[in-house]
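Novice: no sequence for this one, just the structure:
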């Protein structure tokens, strides 16, 4: 139910933006989401996963002291990360127009504290995963999604300009998400038995975070740069269609990511040294996931023109070749999420790092080269090639566990 609500909220927000701002506004909104992703990826994709991985292990062996120290050390690291990012982002905002279209806008006074508070809200939702309370974590993230939708609706009372929507979108997520977590804080309060820094655990989490989040950060920055470049080269209208198609894919992937990060990561981490158990967990998930996504994306491909008109508007209907490449890439991307979690759970962070870096570099090179030859279609083809190869490399690396 929680996953369904999040997917519906994502679709509703995309529809709201499409109706008010059209494809060009959707492209600008996509840039704002990319900027938020770049700012929060280190804490949420890196440190939060490291905390869940280490904490789930200590919880499984019954070491409450080490569990508490893991959470305490992760919280301290989180504040350090936010402080460092705030300094870097503030400097970039003052010294370079690279961050257009937000450069010089009054939104900057809000972005740094707002993004930090929202990232901390997401981070705190991960605390429920350590003790296997996946339902509570799912509901916490769902409450954040509901807050985003409520924020956009509230923005209509203030003129619904793009910058106003950004502010209310962020505030809605922070307020509703924080309220829900505080309401259920009694479920996680006991893990702070000893608020104590543990340098050994902290170094281990920092290493994991650097390996995982540095590549993810580069990917977010590349997404921001590619979208900005595409707007200048191809115009905001076609880029808005591309952004909308990616938003649709993100909505479809919400349940996949919920399974991957909310269920598989702590479960696989708890059985880290039991290869037989790892196989018993991941094999049925991989096989059933592949079959379901194949059927699901096949149906989506057939219904894509109708779906885009219904979820966005008639202005967002893309030509058939764009749809073909987009759906093919999204299919491999969804399946890759279910395999990539093995890299994180088994500690293969170096492999994951280089795979992510190579994937980003390939996408940038393919986009720049194919776009010059095929126009906007080259961007979609680059997307399909990127995630097709990404899936093949992951499958080859973990084939002994998967099949």
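Specialist: Okay, I see it. Keep in mind the model is a prediction, meaning the values are calculated, not measured.

Novice: if you skip the residues just before and after it, what's nearest to residue 131?
Specialist: residue 59 (5.7 Å; CB to CB, 6 or more residues apart in numbering). Heads up, the C-betas are built off the backbone N, CA and C, glycines and all.

Novice: what sits against the one you found?
Specialist: Shown in contact with residue 59 (CB atoms under 8 Å, 6 or more residues apart in numbering): 67, 130, 131, 132, 270.

Novice: Check residue 379 too.
Specialist: The contact partners of residue 379, by CB under 8 Å, 6+ apart, come to 226, 230, 242, 367, 370, 371.

Novice: Tell me which helix or strand the second one sits in.
Specialist: What it means is residue 230. Element membership of residue 230 [criterion: DSSP states H and E] is helix 199-234.

Novice: separation between the residue nearest to residue 131 and residue 141?
Specialist: Distance, residue 59 to residue 141, using CB to CB, to the nearest Å: 20 Å.

Novice: so residue 118 touches residue 172, yeah?
Specialist: No - applying CB atoms under 8 Å as the test, residue 118 and residue 172 come out as separate, 9.9 Å apart.

Novice: Tell me where the stretch 301-403 of the chain has helices.
Specialist: For the stretch 301-403 of the chain, the helices defined by DSSP state H, counting those that start in this stretch cover 320-345, 349-374, 377-397, 399-402.

Novice: Identify whichever of those lies nearest to residue 42.
Specialist: Closest of the helices of the stretch 301-403 of the chain to residue 42 is helix 349-374, at 13.5 Å (criterion: CB to CB).

Novice: So which elements touch the closest one?
Specialist: Where contact means 3 or more CB pairs under 8 Å, 6 or more residues apart in numbering; DSSP states H and E, helix 349-374 is packed against helix 199-234, helix 320-345, helix 377-397.

Novice: mind putting these in CSV, mean pLDDT and distance to residue 51 included?
Specialist: Formatted as CSV, the helices and strands packed on helix 349-374 follow (pLDDT from 0 to 100; distance: least, CB to CB, whole Å):
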stretch, mean pLDDT, distance to residue 51
helix 199-234, 80, 6
helix 320-345, 84, 12
helix 377-397, 91, 24
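
Novice: okay, these, which one's buried deepest?
Specialist: By mean neighbour count, with neighbours taken as mean count of other CB atoms under 10 Å, helix 320-345 ranks first of the helices and strands packed on helix 349-374 at a mean of 21.

Novice: Helix 377-397 and that one, what's the angle between them?
Specialist: Comparing the axes of helix 320-345 and helix 377-397 via axes from the mean of the first three to the mean of the last three CA atoms, to 10 degrees yields an angle of 30 degrees.

Novice: Among the contacts of residue 59, which one sits closest to residue 338?
Specialist: Using CB to CB, the contacts of residue 59 come closest to residue 338 at residue 270, 17.7 Å.

Novice: pLDDT (mean, whole number) over stretch 346-360?
Specialist: Per-residue pLDDT over stretch 346-360 has a mean of 81.

Novice: Return the member of the contacts of residue 59 nearest to residue 88.
Specialist: residue 130 (29.6 Å).

Novice: Where does the prediction get shaky in the stretch 151-300 of the chain?
Specialist: Scanning the stretch 151-300 of the chain for pLDDT under 70 picks out 159-161, 187-195, 258, 261-262, 266, 269-273.

Novice: Do a quick rundown of the helices in it.
Specialist: With DSSP H, counting those that start in this stretch as the criterion, the stretch 151-300 of the chain has helices at 162-183, 199-234, 236-257, 265-270, 275-311.

Novice: In CSV, list those helices along with distance to residue 110.
Specialist: As requested, the helices of the stretch 151-300 of the chain are exported to CSV (distance: least, CB to CB, whole Å):
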stretch, distance to residue 110
helix 162-183, 6
helix 199-234, 18
helix 236-257, 22
helix 265-270, 32
helix 275-311, 29
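
Novice: residues near residue 365, how many?
Specialist: Neighbour count of residue 365, defined by other CB atoms under 10 Å: 12.

Novice: Tell me the pLDDT of it.
Specialist: pLDDT at residue 365 comes out at 91.

Novice: now the one 4 residues further on
Specialist: Residue-level confidence at residue 369 comes out at 90, pLDDT.

Novice: again with the one 5 residues further on
Specialist: Note on residue 374: pLDDT of 83.

Novice: Beyond the one helix or strand the residue nearest to residue 131 maps to, next helix or strand please.
Specialist: For residue 59, the host element (DSSP H and E) is helix 48-60. Downstream of helix 48-60, the next assigned helix or strand under DSSP H and E is helix 64-95.

Novice: next SSE after that following helix?
Specialist: Using DSSP H and E, the helix or strand that follows helix 64-95 in sequence is helix 108-125.

Novice: Tell me the gap between whatever helix or strand comes next after that following helix and the middle of its chain.
Specialist: Per DSSP H and E, the first helix or strand lying C-terminal to helix 108-125 is helix 127-130. Put simply, helix 127-130 sits 18 Å off its chain's centre (CA atoms, centre = their mean, to the nearest Å).

Novice: next one: stretch 196-203
Specialist: Mean-position distance between stretch 196-203 and its chain equals 27 Å (CA atoms, centre = their mean).

Novice: what's in contact with that stretch?
Specialist: Here stretch 196-203 has contacts from 54, 66, 68, 69, 70, 72, 73, 74, 76, 77, using CB under 8 Å, 6+ apart.

Novice: excluding its backbone neighbours, what's nearest the fourth one?
Specialist: On the basis of CB to CB, 6+ apart, the spatially nearest residue to residue 69 that is not a chain neighbour turns out to be residue 198, at 3.9 Å.
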